[in-house]
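**Q** Below: sequence and its predicted model.
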Amino acid sequence: MAILGIDIGGSGVKGAPVDTVRGELLAERVRVPTPQPSDVASVVEAVAEVAGQFGDYERVGVTFPGVVVDGVTRTAANVDKSWIDAPAARLFADRLGKPVSVLNDADAAGVAEVAFGAGHDQRGLVMMLTFGTGIGSALFLDGTLVPNTEFGHLELDGKDAELRASDRAREQEDLSWEKWAGRVQDYLRHVEMLLSPRLFIVGGGVSKKSDKWLPLLEIRTPIVPATLLNNAGIIGAAVTAEQAAGHPGAVQTRADRPGVPGAAFAGGEG
């Protein structure tokens, strides 16, 4: 049976079954709009709607735009505040009747890029940054994820960095590529000063237009666009779910609940 990956974003919830050996989608992905407001119950139902479009599957990986520790969502910068301290893995597992692993969305994209994309076989400190509704970050040391970094919230020009340099900021302020690239450059130089990474990988929707702004950046660290584009989160979520199946540290809580077909297992990746 397949492993399903589902990516919760600020504007859409999308998913597909994934070949976790090759890092490819096994079917065309399905997308539904992210509910507004994006409260817990509404998003759980949106995830169930996406999952219901596919046949049988063994496990599910779900991304979330915030910090996730042991399957619990600790922050909610760009979704409804009802998600703070919500037992997300268990809620999804109860609804889907399958084992579910939940991880930060940028971490998931980074997992996919390190396994199959631009970060494959890269040693040292590699940083994935996703520019979208906010700025997501994923940090890897010799291919191993350091989970739940929130470098999108560094201070930049006296403000939260993602308020200045996210793709949403570019769109809302109608910035030219040159003006926006200047902000991104300031942000990346700040990150360089703090971490000295060997490689930046940039993802998010704006990565599809990397030719318009990457050449404008003047930084010391090599920087490349993500190769898996908008499928990275889906693939990384599925890979994480597969790893959790045999991971002794993953939370595996039996949750027999009325109305749930069989036993649900909540798997959380912190």
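**A** Arrived safely. Numbering: from 1, shown residues only.

**Q** Provide the backbone phi and psi angles at the most centrally placed residue in the chain.
**A** In the chain, the residue lying closest to the centroid (C-alpha atoms, centre = their mean) is residue 105, at 1.5 Å. In terms of degrees, to the nearest 10, the main-chain angles of residue 105 are phi -70, psi -40.

**Q** Tell me how far it lies from residue 123.
**A** 25 Å (C-beta to C-beta, to the nearest Å). No exception for glycine: its C-beta is placed from N, CA and C like everyone else's.

**Q** just residue 5 next, same as before
**A** Residue 5 sits 26 Å away from residue 123, going by C-beta to C-beta.

**Q** hang on, residue 68 packs against residue 87?
**A** No. In this structure, residue 68 is not within contact of residue 87 by C-beta atoms under 8 Å, at 10.8 Å.

**Q** what about those two, which has more around it?
**A** Set side by side, residue 68 and residue 87 show more neighbours around residue 68, with 27 against 20, by other C-beta atoms under 10 Å.

**Q** give me the beta-bridge partners of the more buried one?
**A** residue 73 (DSSP bridges).

**Q** Could I get the full set of helices for the stretch 1-150 of the chain?
**A** 40-51, 88-96, 105-116 (DSSP state H, counting those that start in this stretch).

**Q** Can I get those in JSON lines including distance to residue 240 and mean pLDDT?
**A** Below are those laid out as JSON lines (distance: least, C-beta to C-beta, whole Å; pLDDT from 0 to 100):
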{"stretch": "helix 40-51", "distance to residue 240": "15", "mean pLDDT": "98"}
{"stretch": "helix 88-96", "distance to residue 240": "11", "mean pLDDT": "98"}
{"stretch": "helix 105-116", "distance to residue 240": "6", "mean pLDDT": "97"}
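
**Q** of residue 5 and residue 123, who's got more company?
**A** The neighbour count for residue 5 versus residue 123, taken as other C-beta under 10 Å, is higher for residue 5 (33 against 11).

**Q** what about stretch 162-182, how long is it end to end?
**A** 14 Å (C-alpha to C-alpha, to the nearest Å).

**Q** Let me fix that, I meant to ask about stretch 11-28.
**A** Stretch 11-28: ends 19 Å apart by C-alpha to C-alpha.

**Q** Helix or strand with the lowest mean pLDDT in this protein?
**A** strand 253-254 (a mean of 28; mean pLDDT, DSSP states H and E).

**Q** Now for residue 178, how many residues are close by?
**A** 10.
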